[in-house]
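Q: return a 3D structure for these sequence lines:
(one chain, ligands or ions: 2)
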Amino acid sequence: MNILHILSQNFNHGSRTRRPEDAVPYPKDFRGRLLHNTNLCTACGTCVYACSPGAITIDTSEGNVANWDYTEDRCTFCGFCVQYCPTHALSFEQVSPKPINERVEHYLFHEIELQPCRQCGKPVQMIPLETLEQLYGHPLPAEIAETQGLCENCRQQLISKRFLNALVVKGDRKDD
Ligand code: SF4
Ligand code: SF4
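A: Ligands and ions are numbered 1, 2, ... in the order given. Reported below is the predicted structural model:
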């Protein structure tokens, strides 16, 4: 196709506006706007640790609530928070963020309700059942179900107790 043919084609078909179906699809791992699923978030703080520009903060000073906040203006869309979130509570929307000078402020302010540990009463966000089942299968094995509703300290104590019991039983068997 020579240049004259292209020019005549351009003159003949008139002006054309790009239609929505002409848009190039976003690639699978496109990092658009950040989404935060509060049902999956355990307020563990990994995303805060992973975020070097400080776009995510968690405030637990209120006691029974963790305030999870995100400020897009600080975000570099590096994706570390999504990559390291253990419960997959974070993801990227397939939508382009606006250029910084046109950006409508995008903040997320989410309250994560904490519940008292069923043993010591310390307010904690429990690991969602959905996440536990993804890790351990459905129904949950008895030893995992037993740790549900416990804070990390009480969980550790329970696991240490089990370990000690197992050692004692093993020791008794040796003596027989
Ligand atoms: S979003 Fe993920 S990494 Fe961040 S606090 Fe919630 S569970 Fe932890
Ligand atoms: S994408 Fe990167 S900069 Fe943006 S909130 Fe996540 S860790 Fe922070």
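
Q: mind checking how far Gly137 is from ligand 2?
A: Distance, Gly137 to ligand 2, by Cβ to the nearest ligand atom, to the nearest Å: 30 Å. Where you see a C-beta, it was placed from the backbone N, CA and C, and this is true even at glycine.

Q: now do that residue against Ile144, distance only.
A: Distance, Gly137 to Ile144, by Cβ to Cβ, to the nearest Å: 9 Å.

Q: of those two, give the one with the bigger neighbour count.
A: Remark: of Gly137 and Ile144, Ile144 carries more neighbours, 15 against 10, as counted by other Cβ atoms under 10 Å.

Q: the residue nearest to Tyr136 when sequence neighbours are not counted: which element?
A: Closest residue to Tyr136 apart from its sequence neighbours, by Cβ to Cβ, 6 or more residues apart in numbering: Ile144 at 5.0 Å. Element membership for Ile144, per DSSP states H and E: helix 142-145.

Q: for the following helix or strand past that helix, buried residues please.
A: Using DSSP H and E, the helix or strand that directly follows helix 142-145 along the chain is helix 152-175. Neighbour-count burial for helix 152-175, counted by 16 or more other Cβ atoms under 10 Å, picks out Cys154, Arg155.

Q: that'll do, ta.
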